[in-house]
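Asker: Structure, please.
(one chain, ligands or ions: 2)
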Amino acid sequence: MFFDPLEGLDRKELEGLQSVRLRSVTQAAARSPLYAGLFQEHGLRADQIRGLDDLARIPLTDKEHLRSSYPDGLLCRPKEEMVRLHASSGTTGAATVIFHTAGDIQTWADLVARCFHMVGVRPGDVFQNMSGYGLFTGGLGIHYGAERLGCLTIPAGAGNSKRQIKLLQDFLVTVIHIIPSYALHLATVFQSLGVEPSGLHLKTALIGAEPHSEEIRRRIEELYGVKAYNSYGLSEMNGPGVAFECPEQNGMHIWEDAFLPEILDPVTLEPVPEGEVGELILTTLTREGMPILRYRTRDLTRFLPGDCPCGRVHRRIDRIVGRSDDMIIIKGVNIFPMQVERVLMAIPEVGQNYLIVLERQGYLDQFKVQVEVKSEFFVEDMRELKKLQNKITGLLRDELLVTPKVELVEARSLPCSEGKAQRVCDLRGQAE
Ligand code: AMP
Ligand code: ZN
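Answerer: Ligands and ions are numbered 1, 2, ... in the order given. Okay, the predicted model is just below:
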């Protein structure tokens, strides 16, 4: 039933394994220049970490540590043993680099294959990967997992929408991996070609790499006639294959045999009460070349309470509500772009793309939302458009408690990136 017997461990077995792995990964990490220094600073010896109960004694690692150790200050084995490196997309700031041994690549492929298998993908499925290849982990990371499982794997890469569609048609593709914002964009290309995406052979879409709402998932499922599963990962923890939805589509199981999760209050750095939202902290339990301990992902989520009917005890995290560093503060109110998205995507007239623009007028922050309107609703009648604009403004105000300026624009007129979507354009720091 499970791809890997480790999926079927009970809680006690899992915690036993985590303790053993934490002990050895801490000792390995202590051989890297970064952790040797950090441990010394904190008066900690690696052999003092004997199991899960000692976890809180380990200092937290954040992106700044990775940057200051650039390029290879986190390696705990000779560089000659490394076979690959990847880098984060630098969603916020400079890139960070992660090295992998051959063993790491294999473990990673096994984890990704486990995710695919969990949602019913099998050898014989034809899989098209629409992620960018190169340093971004959504390309090769997903690719190796699909091959490991035994799928015919098409490394389509990002962009070139017409070719994507031709590949989907010619090779009877059944499973795709696609960034949600690109999935919505690609649907408009299908439309312009007069091809119905739900008429292809697709049955499963693996979507992730960027925050998206339940409403976006439902749209993708309807447009393509598929089941869509959320996939979470970050380069610092390999990339994809960290947490993934099971067929229940109710939260993502974190593979706790490979990643030790904690959820802390991002300000006090204390654990949040059970079930509350906080920052996800992860420790690599199996990585050989470049272990990372208690990494501050900046991603905000919560553990979902209760057991999952699928039988896996690996805890589930809720979809990422935002990052502790992408929160927008407007007139003293904290806003996450995801709140805006949830409201917009539930409005039938709203098209596939939107952009939040922050500007400063005098001393005041202005919060503008540009919203694409589906072509059938983008009518000449100004009164109709005004009515729609007022409706959107009202719904956003009810959710956010501040009133945004809503600007309606034509379908496909906002910039669309091939990689992760840029949802916020902050012009506040620029000269007027
Ligand atoms: P990178 O290391 O460049 O792949 O970026 C990783 C970051 O992308 C994560 O820390 C998250 O902020 C974001 N991310 C990845 N997958 C998801 C997902 N399924 N939902 C929301 N955010 C995601
Ligand atoms: Zn489950």
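
Asker: how about the helices of the stretch 1-150 of the chain, start to end?
Answerer: All helices of the stretch 1-150 of the chain, identified by DSSP state H, counting those that start in this stretch, fall at 11-29, 33-41, 63-68, 102-118, 137-149.

Asker: Just name the most buried of the ones you listed.
Answerer: helix 137-149 (a mean of 24; mean count of other C-beta atoms under 10 Å). Where C-beta positions appear, they are placed from N, C-alpha and C, glycine not excepted.

Asker: Which SSE is immediately downstream of the biggest strand by length in the chain?
Answerer: Longest strand in the chain, counting residues (DSSP state E): strand 350-361. For strand 350-361, the succeeding helix or strand toward the C-terminus, using DSSP states H and E, is strand 364-373.

Asker: just checking, what packs against that following strand?
Answerer: The contact analysis (3 or more C-beta pairs under 8 Å, 6 or more residues apart in numbering; DSSP states H and E) places strand 364-373 against strand 328-330, helix 337-345, strand 350-361, helix 382-400, strand 405-410.

Asker: Report the angle between it and strand 405-410.
Answerer: 30 degrees (axes from the mean of the first three to the mean of the last three C-alpha atoms, to 10 degrees).

Asker: partners of strand 364-373 in the sheet?
Answerer: strand 350-361 (antiparallel), strand 405-410 (parallel) (DSSP bridges).

Asker: May I see those strands organised as TSV, with distance to Ser181, mean pLDDT and mean neighbour count added?
Answerer: Shown next, in TSV, are these (distance: least, C-beta to C-beta, whole Å; pLDDT from 0 to 100; neighbours: other C-beta atoms under 10 Å):
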stretch	distance to Ser181	mean pLDDT	mean neighbour count
strand 350-361	7	92	19
strand 405-410	16	96	16
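
Asker: Please render the helices and strands packed on strand 364-373 as CSV that adds distance to ligand 2 to the earlier fields.
Answerer: Output for these, formatted as CSV (distance: least, C-beta to the ion, whole Å):
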stretch, distance to ligand 2
strand 328-330, 33
helix 337-345, 23
strand 350-361, 30
helix 382-400, 29
strand 405-410, 39
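
Asker: I'd like these laid out as JSON lines, including distance to ligand 1.
Answerer: Below are the helices and strands packed on strand 364-373 laid out as JSON lines (distance: least, C-beta to the nearest ligand atom, whole Å):
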{"stretch": "strand 328-330", "distance to ligand 1": "15"}
{"stretch": "helix 337-345", "distance to ligand 1": "9"}
{"stretch": "strand 350-361", "distance to ligand 1": "17"}
{"stretch": "helix 382-400", "distance to ligand 1": "19"}
{"stretch": "strand 405-410", "distance to ligand 1": "25"}
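
Asker: Same list (the ones you listed) but as a markdown table, adding distance to Asn129.
Answerer: Listed next are these as a markdown table, based on distance: least, C-beta to C-beta, whole Å:
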| stretch | distance to Asn129 |
| --- | --- |
| strand 328-330 | 32 |
| helix 337-345 | 25 |
| strand 350-361 | 21 |
| helix 382-400 | 35 |
| strand 405-410 | 31 |
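
Asker: To Met237, which of those lies closest?
Answerer: Met237 lies closest to helix 337-345 among the helices and strands packed on strand 364-373, at 21.1 Å (C-beta to C-beta).

Asker: Could you identify which of the helices of the stretch 1-150 of the chain has the lowest mean pLDDT?
Answerer: Mean pLDDT is lowest for helix 63-68 out of the helices of the stretch 1-150 of the chain, coming in at a mean of 90.

Asker: and that helix with ligand 1, contact?
Answerer: No - using C-beta under 6 Å from any ligand atom, we find that helix 63-68 stays clear of ligand 1, coming within 9.9 Å at best.

Asker: quick one: that helix to chain centroid distance?
Answerer: 20 Å (C-alpha atoms, centre = their mean, to the nearest Å).

Asker: Next to ligand 1, which bits of the stretch 251-400 of the chain? Give me the list.
Answerer: Counting by C-beta under 6 Å from any ligand atom, the residues of the stretch 251-400 of the chain near ligand 1 are Thr297, Asp299, Ile320, Arg323.

Asker: Just name the closest of the residues you listed to ligand 1, please.
Answerer: Nearest to ligand 1 among those: Ile320, at 3.6 Å, using C-beta to the nearest ligand atom.

Asker: if I pick the spatially closest residue to Ala258 that is not a sequence neighbour, what's in contact with it?
Answerer: Leaving out its chain neighbours, the residue that sits closest to Ala258 by C-beta to C-beta, 6 or more residues apart in numbering is Thr286, at 5.0 Å. Contacts for Thr286 were tallied using C-beta atoms under 8 Å, 6 or more residues apart in numbering; they are Arg21, Val25, Thr107, Asp257, Ala258.

Asker: Phi and psi next, for Thr286.
Answerer: When read as degrees, to the nearest 10, the backbone of Thr286 gives phi -120, psi 0.

Asker: Now do it against Ala87, distance only.
Answerer: 21 Å (C-beta to C-beta, to the nearest Å).
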